[in-house]
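A.B. asks: sharing a model that was predicted from the sequence below.
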Amino acid sequence: MQIKNYSLRYVDRVLAQNFDVEFSNQAINVITGANGAGKTTLLDFIADVGPKAAKGDKINVPKQAEIAYQLQHIHFFTTLSVAQTITMYRQLGDPAVETQNPTFQIIKAQILDKIWHVEMGKLSGGERQMVLTYGQCLLDRKLYIFDEPTSGVDVDNTKIILNMIASLVQERQKLVIMTSHNLEQLAELPVNLIALA
Ligand SMILES: Nc1ncnc2c1ncn2[C@@H]1O[C@H](COP(=O)(O)OP(=O)(O)OP(=O)(O)O)[C@@H](O)[C@H]1O
């Protein structure tokens, strides 16, 4: 999958000009760059929810229905419990992910079960990231996009979240793009680094 000639300008501010990028299907594609560099905007462009001013050629980018996009700040479904949220993802997704993958069974038993009946809106930020990443991974899509999935997450839970994301590439051969400010967290994982200036 590639993006070519990606350009975005807000009045006199140029965020990108003829930017080309090729995404790997052998590694987690990690977009990095300073605050305001345009990481989320590029994800929005790829997922087809981006600003109309963004232009560029999409080559082999899956259709919107084939993309699972986990936004950075989610404010919906706050009154659903974790159980209801995961049940929703299960109904939309592939049951084999949980039944055949011990990693997911361990996360469910050791982490999700403790917060199973708590409303999503009452979880801590890190707990919410954990539940939503788990849920996104249950889906069966071609492309998975995570916007700063480890932002505000503690060291142990960061490893768990990144392992779930890595399993998409390593065990299910999915295309994965995420953004991150903390590249040290990714040191032990297969990563294709994409730097935005
Ligand atoms: N409608 C707009 N008009 C002008 N500037 C805009 C508009 N929408 C977004 N921007 C600017 O585009 C820039 C890129 O935003 P974006 O959210 O993509 O950055 P980011 O790299 O994801 O940042 P962060 O690391 O802080 O999450 C920001 O500086 C933002 O102010």
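C.D. replies: Cool, got the structure.
A.B. asks: could you pull up phi and psi at residue 36?
C.D. replies: For residue 36, the backbone dihedrals (degrees, to the nearest 10) come out as phi 80, psi 0.
A.B. asks: so residue 130 makes contact with residue 153?
C.D. replies: Yes: if you go by C-beta atoms under 8 Å, residue 130 and residue 153 touch, sitting 7.4 Å apart. Just so you know, the C-beta spots here come from the backbone N, C-alpha and C atoms, and that holds for glycine as well.
A.B. asks: and for those two, which residues touch both?
C.D. replies: Residues touching both residue 130 and residue 153 by C-beta atoms under 8 Å, 6 or more residues apart in numbering: residue 161.
A.B. asks: what residues does this structure have near the ligand?
C.D. replies: Within the chain, the positions lying close to the ligand (C-beta under 6 Å from any ligand atom) are 10, 15, 33, 35, 36, 37, 38, 39, 40, 41.
A.B. asks: mind listing what the last one touches?
C.D. replies: The reference is to residue 41. So residue 41 contacts 8, 15, 50, 51, 54 (C-beta under 8 Å, 6+ apart).
A.B. asks: just the first one next, same as before
C.D. replies: Contact analysis of residue 10 by C-beta under 8 Å, 6+ apart lists residue 53.
A.B. asks: for residue 61, same thing?
C.D. replies: Residue 61 neighbours (C-beta under 8 Å, 6+ apart): 1, 3, 46, 143.
A.B. asks: for the chain, which residues score under the pLDDT cut-off?
C.D. replies: For the chain, the stretches flagged by pLDDT under 70 are 74-76.
A.B. asks: which residue ranges form the strands in this structure?
C.D. replies: 2-10, 13-22, 28-32, 55-59, 67-70, 143-146, 175-179, 191-195 (DSSP state E).
A.B. asks: distance to residue 80 added to these, as TSV?
C.D. replies: Shown next, in TSV, are these (distance: least, C-beta to C-beta, whole Å):
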stretch	distance to residue 80
strand 2-10	34
strand 13-22	35
strand 28-32	28
strand 55-59	33
strand 67-70	16
strand 143-146	20
strand 175-179	24
strand 191-195	33
